[in-house]
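A.B. asks: pasting a predicted model and its sequence here:
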Amino acid sequence: MGTGVHRACNFALMVIVARLLGKVGFGELGIVQSTIGAIGAFAGLGLSSTSLRYIAEFKDKDPEKSGRIIALLYTVSFAAGFLAMVICFSSASWLASGILHKPQLISALHIGSLLFMSSLVGGLQGGILIGFQDFRGLASVTILQTLLSFPVTVGLSLWAGLNGFVAALVVTSLLGLTICVPVIFRNLRGHRIKLQWREAWREHRTLYVFSLPAFLAGISHGPVMWIASTLLVRSPGGCAQMGLLNAALQFNMFVTMIATLFAQVATSLLSETYGESKDACRYARAFNLNLRLNWTWSIMVAFTVIIFSHAISAAYGVGFHLIGRILPLTIAFATANIGFSLCGQFFVSSDRMWLHLLVVSLWGLTFIGVFYFILLPLGAKGCAIALLIAYFIAVVLQLLMINNFLGRGILDGIIINCGLVAILSLAAIGLSFGKSVGIWQAMSAVGALLTFGKFAVSDVRVAFPSLRWHAVWQERGSFLRAYCKNLDQ
C-alpha cells in the first residue's frame, strides 16, 4: 500500500515537474539527481542492506547484538552523511563547471548537498523497519511522507524552478526522517532491544564482512550511472536527450512497483530463513518462488505498457513527444533490472556480498563500454539499449552462479522468463526504431498473453497449490500474508 501510493504520487509529481521545467530543465534535474546519487553511493556504505540483513536474523535470537549493530550503523550513517555533505558542497562549482559544463547547476548542487545526511539516515531507518518486518509501520511512514511531499514539491518548484525542486527533496527527506523515529523506537521496545552506543564498536566486523562489499557494490552502481549521464549530457543536444530519458524512466514504476513491494518482504524472510535453519532445500524453494512470481508479473506488465507506449507518453506534453520512441527501451531494461535485483537477494541473504560486488562490477563495465564505444551517438536510446544489454548479461551470470550453489532445480520456470525478456527486448527495439509499429505491438500482445499463461498456470500453481482463481478476489486481503507464509515454509 505504502509503496503503491508513493510510486503513484511520485509519478504524477514528476509529470507536473517535467511540464514546469521543460525538456532541457528536466534533463538538468536528471543530471543533478545522478550527481547527488553518485556521491551518496560512496557515503551510503551499504548500511541499509546491512541493517535489514542482520536485524532480520538477530532481532529475536540476540537482542543485545541487534542493539549494538543498530547503534553502530546510526553512528556511521551520521558521520558518512556529514562528510558527503561537505564534499558535495565544496566541490559543486568544480563539478558543475569543470565536469558537466553546466555552471547554472552550481546552486542546485549546493542545495542538494544538504540532502545527504537525512537521506542516508532515512535509508538506514527503512532497512531497520524491513528487518523488523514492520511493513505496516513502513507503509504508514511512506504514505504520510508522500502526501506531505506533494504540495511542498509543487509549491517550491513553481516558486524557484529547479532549485525549488531540489530544496523540496531536502525538506521531504527531513520530514520522513522525523516521522520514522517513533516507529523505530516502538519496534525496539517491542523486541526489547536497547541501543548500546558504548558497546557498538564490538560489532565492527559487520562493517567489513557485509557493509564493505555492499558499499563497493553500491559505488559500482551510482558512479556508473553518473558517468553515463555525464557522457550523455556532454554530447550535442545532451540536456534535451537527458530530459527525454529522465521522463521515460518515470514510467518504469508501473513495472517495478509490485516487485519492489514483495521484494522488501522477501529479502527479510530469506535472510531469516537462511540464518535460522541453513536448510538448503527450504531456502532454495523460497528463493525460486520469489523470483518466479515477481519477475513473471513484471514481464507481463512490461509487455502491456510497451503496447501503449506511444499513447501514454503524451502525459508529458508536446515538448516530450519523442518519449514514445524511448519508453519501450526503458521498460525493457527495467524488466531485466527486476531480474537482476531479485537474483541479488540471494547474495544479500546468504552473506555472499563479495560475489555480488563482482557481478555489479561486470555490469558496470559492460554498460559503460557498450554505451561509450558503440551506442553514444544514439543518445537516450543508446543509453537505454546499453543498460538492457548489461542487465541481461548480469542476470544470466547471476543465475549460473545461483544454480551452482543451490542446484539445478533452482532454475525451474526461470529459463522461460529469460526467453520472455528476450522477446520483450526485440519488440521494444522494433517499436523504438521500426516503422511497422503495429507488428511490434502485436508481438507484444502475444508476449503478454504467453506471460500471463505462464503466471497463472505455472508460477501461481506452484506457489499456491490449493488456489482457485474464482476465490482470489474474495481472499484478496490475505494474499500478502499467504505469500509471506509460502516463502517462510
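C.D. replies: Thanks, I have it. Note that this is a predicted model, so its numbers are computed, not measured. Numbers count the residues shown, from 1 in each chain.

A.B. asks: could you use CA atoms for every contact and neighbour count after this?
C.D. replies: Fine.

A.B. asks: residue 299: helix or strand, and which one exactly?
C.D. replies: helix 280-307 (DSSP states H and E).

A.B. asks: what is that helix packed up against?
C.D. replies: Other elements packing on helix 280-307 under the criterion 3 or more CA pairs under 8 Å, 6 or more residues apart in numbering; DSSP states H and E are helix 253-277, helix 323-349, helix 414-433, helix 437-453, helix 460-463, helix 479-488.

A.B. asks: and these, which is most packed in?
C.D. replies: Compared across those, helix 323-349 shows the largest average neighbour count, a mean of 26 (mean count of other CA atoms under 10 Å).

A.B. asks: got the angle between that helix and helix 414-433?
C.D. replies: Here helix 323-349 runs at an angle of 150 degrees relative to helix 414-433 (axes from the mean of the first three to the mean of the last three CA atoms, to 10 degrees).

A.B. asks: quick one: mean pLDDT for helix 323-349?
C.D. replies: The pLDDT scores in helix 323-349 average 86.

A.B. asks: now the angle from it to helix 280-307?
C.D. replies: With the same axes, to 10 degrees defining the directions, helix 323-349 sits at 170 degrees from helix 280-307.

A.B. asks: what's the following helix or strand after helix 323-349?
C.D. replies: Following helix 323-349 toward the C-terminus (DSSP H and E): helix 353-370.

A.B. asks: how about the CA coordinates for that next one, as PDB?
C.D. replies: Output of helix 353-370 as PDB, limited to C-alpha atoms (Å, rounded to 0.1, in the frame of the first residue of the first chain):
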ATOM      1  CA  MET A 353      28.300  -9.900  -0.900                       C
ATOM      2  CA  TRP A 354      31.700 -10.200  -2.500                       C
ATOM      3  CA  LEU A 355      30.300 -12.200  -5.300                       C
ATOM      4  CA  HIS A 356      27.500  -9.700  -5.600                       C
ATOM      5  CA  LEU A 357      30.200  -7.000  -5.900                       C
ATOM      6  CA  LEU A 358      31.900  -9.000  -8.700                       C
ATOM      7  CA  VAL A 359      28.600  -9.200 -10.700                       C
ATOM      8  CA  VAL A 360      27.800  -5.500 -10.200                       C
ATOM      9  CA  SER A 361      31.300  -4.500 -11.300                       C
ATOM     10  CA  LEU A 362      31.000  -6.600 -14.500                       C
ATOM     11  CA  TRP A 363      27.600  -5.000 -15.100                       C
ATOM     12  CA  GLY A 364      29.100  -1.500 -14.800                       C
ATOM     13  CA  LEU A 365      32.000  -2.300 -17.200                       C
ATOM     14  CA  THR A 366      29.600  -3.800 -19.700                       C
ATOM     15  CA  PHE A 367      27.200  -0.900 -19.600                       C
ATOM     16  CA  ILE A 368      29.800   1.900 -19.900                       C
ATOM     17  CA  GLY A 369      31.800   0.000 -22.500                       C
ATOM     18  CA  VAL A 370      28.800  -0.700 -24.800                       C
END
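
A.B. asks: need the helices and strands packed on helix 280-307 in JSON lines (columns: distance to residue 293).
C.D. replies: Output for the helices and strands packed on helix 280-307, formatted as JSON lines (distance: least, CA to CA, whole Å):
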{"stretch": "helix 253-277", "distance to residue 293": "9"}
{"stretch": "helix 323-349", "distance to residue 293": "11"}
{"stretch": "helix 414-433", "distance to residue 293": "10"}
{"stretch": "helix 437-453", "distance to residue 293": "11"}
{"stretch": "helix 460-463", "distance to residue 293": "7"}
{"stretch": "helix 479-488", "distance to residue 293": "10"}
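
A.B. asks: lowest-confidence stretch among those?
C.D. replies: Of all those, mean pLDDT reaches its minimum on helix 479-488 (a mean of 50).

A.B. asks: what about residue 187, distance to residue 180?
C.D. replies: Distance from residue 187 to residue 180, counting by CA to CA, to the nearest Å: 11 Å.

A.B. asks: likewise for residue 384?
C.D. replies: Using CA to CA, residue 384 is found at 35 Å from residue 180.

A.B. asks: higher neighbour count, the two?
C.D. replies: Higher neighbour count among residue 384 and residue 180: residue 384, with 27 against 20, using other CA atoms under 10 Å.

A.B. asks: so what does the helix or strand encompassing residue 153 touch, helix or strand wise?
C.D. replies: If you go by DSSP H and E, residue 153 is part of helix 135-190. Contact partners of helix 135-190 among helices and strands, from 3+ CA pairs under 8 Å, 6+ apart: helix 2-44, helix 106-112, helix 115-131.

A.B. asks: go through these and name the closest to residue 227.
C.D. replies: Nearest of these to residue 227, taken as CA to CA: helix 2-44 at 9.0 Å.

A.B. asks: avg pLDDT for that closest one?
C.D. replies: Helix 2-44 shows a mean pLDDT of 70.

A.B. asks: distance of the residue in the chain sticking out farthest from the centre relative to residue 173?
C.D. replies: Distance from the centre of the chain peaks at residue 198, with 34.1 Å (CA atoms, centre = their mean). From residue 198 across to residue 173, the span is 28 Å (CA to CA).
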